[in-house]
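**Student:** Predicted coordinates and the sequence they were generated for:
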Amino acid sequence: MSHVSWYIARWRQSFKFNNFFKEFFAFACILWTIIDAVYYIAAQSRDVILANWWLFVISGLVWAIIRCRPKDCFSYKLKGRDAVVEIRVSDITKIQGALVIPVNTTFDTDINGRIMNAQSVQGSFTRKFFKSNIAELDRIIEEQLEKEAVPLENFGTEKPGKDKVYPNGTVVTITRDTRVFYLLASSRINRNGRATGEQHDLRIALEKLWIYIRESGDKSTIAIPVIGTGNARLPISRDDVVRMIIKSYVNSCGSKTYCEKLIIVIHPQDVEKYKINLNDLDAFLKYSCDYVDFENRQIIGEN
């Protein structure tokens, strides 16, 4: 889906006639007050105003359209913390800051061409930042795993690709052209070479990610995609994954703030394809940031 098609779909989702007319008449009231004052000062302006009434109508319509245009970014400050949480519709590889790249627990970089060529975050990351140089990416990953002494969970599994299995939630930091990437193991590869994941696995992976960044990362902007909803085939909606990421991050800020901004990135194509309700997510994000209880490590009202 092109950006234009997504924007049209977003207009259909968010446009409300009552809001449009409210903005139009609000503009008309303000404009009428100004015109009335001008007419009072210079009565001769009456004819000019009446002759160009259509300009005022068009101005009101333009104003109302601008005021009602759909947003593709929602951002709120976390109450009690110097941190901002944001939902943004974009391609994550275009976001500035440290990027979270979801991978599987064997850190496979390609399985018969499926990973590298897939329309996934990992595939886009490999093509854009490594120019599809799988060998170099593998070398860096192995070096980082050895450097951080990450323990093996299993070895020699019957699956395509690599045979060293690391624990769910393992994080590897890669620096490339001054950019920082956190490779997060959040799914598993089965015997058929397909990624699988469960909601519980994602929850654990997120908790470990925040701990890792808090202890080993720098306090910079972090961009994270809607993890597990693509090739990992999580059995929950993208909306619910976004909510899970928000709750997990907010709760992790109970002890201290470890990044200035978290950006949850939703790909434009997913908004219309999977009917993601950005207005509901906006409301949930605002509530989560305004009504957080850090003492009990939860969002007020959360079950």
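**Tutor:** Thanks, I have the structure now. What you see is a predicted model; the values in this text were computed from it and never measured. Numbers count the residues shown, from 1 in each chain.
**Student:** Please count neighbours and contacts with C-alpha atoms only from this point.
**Tutor:** Noted.
**Student:** List the buried residues for the helix or strand where residue 21 lies?
**Tutor:** Element membership of residue 21, judged by DSSP states H and E, is helix 17-41. Neighbour-count burial for helix 17-41 flags 20-21, 23-24, 27-28 (criterion: 16 or more other Cα atoms under 10 Å).
**Student:** Which single one of those residues is nearest to residue 100?
**Tutor:** When these are compared for distance to residue 100 (Cα to Cα), residue 20 wins out at 38.3 Å.
**Student:** So that closest one versus residue 27, what's the distance?
**Tutor:** Counting by Cα to Cα, to the nearest Å, the gap from residue 20 to residue 27 is 11 Å.
**Student:** joint contacts of those two?
**Tutor:** residue 64 (Cα atoms under 8 Å, 6 or more residues apart in numbering).
**Student:** circling back to that earlier point, rebuild the buried residues of helix 17-41 as CSV, extending it with distance to residue 129 and pLDDT.
**Tutor:** Below are the buried residues of helix 17-41 laid out as CSV (distance: Cα to Cα, whole Å; pLDDT from 0 to 100):
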residue, distance to residue 129, pLDDT
20, 43, 75
21, 47, 78
23, 45, 75
24, 47, 77
27, 48, 79
28, 51, 78
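**Student:** Closest to residue 159 out of those residues?
**Tutor:** Using Cα to Cα, residue 20 comes nearest to residue 159 of these, at 56.0 Å.
**Student:** surely the closest one meets residue 63?
**Tutor:** No. Contact between residue 20 and residue 63 fails when scored by Cα atoms under 8 Å: they sit 9.4 Å apart.
**Student:** Touching stretch 249-264 from outside, list them.
**Tutor:** Residues outside stretch 249-264 that contact it (Cα under 8 Å, 6+ apart) are 78, 81-88, 206-207, 210-211, 213-214, 218-226, 242, 245, 288-289, 292, 294-295, 297-299.
**Student:** how about 7 Å then?
**Tutor:** Outside stretch 249-264, the residues that touch it by Cα atoms under 7 Å, 6 or more residues apart in numbering are 81-88, 210, 214, 219-225, 294, 297-298.
**Student:** Would you mind measuring the gap between the ends of that stretch?
**Tutor:** Start-to-end span of stretch 249-264 (Cα to Cα) is 11 Å.
**Student:** how distant is it from the center of its chain?
**Tutor:** 14 Å (Cα atoms, centre = their mean, to the nearest Å).
**Student:** If anything else comes up later, I'll come back, but that's it for now.
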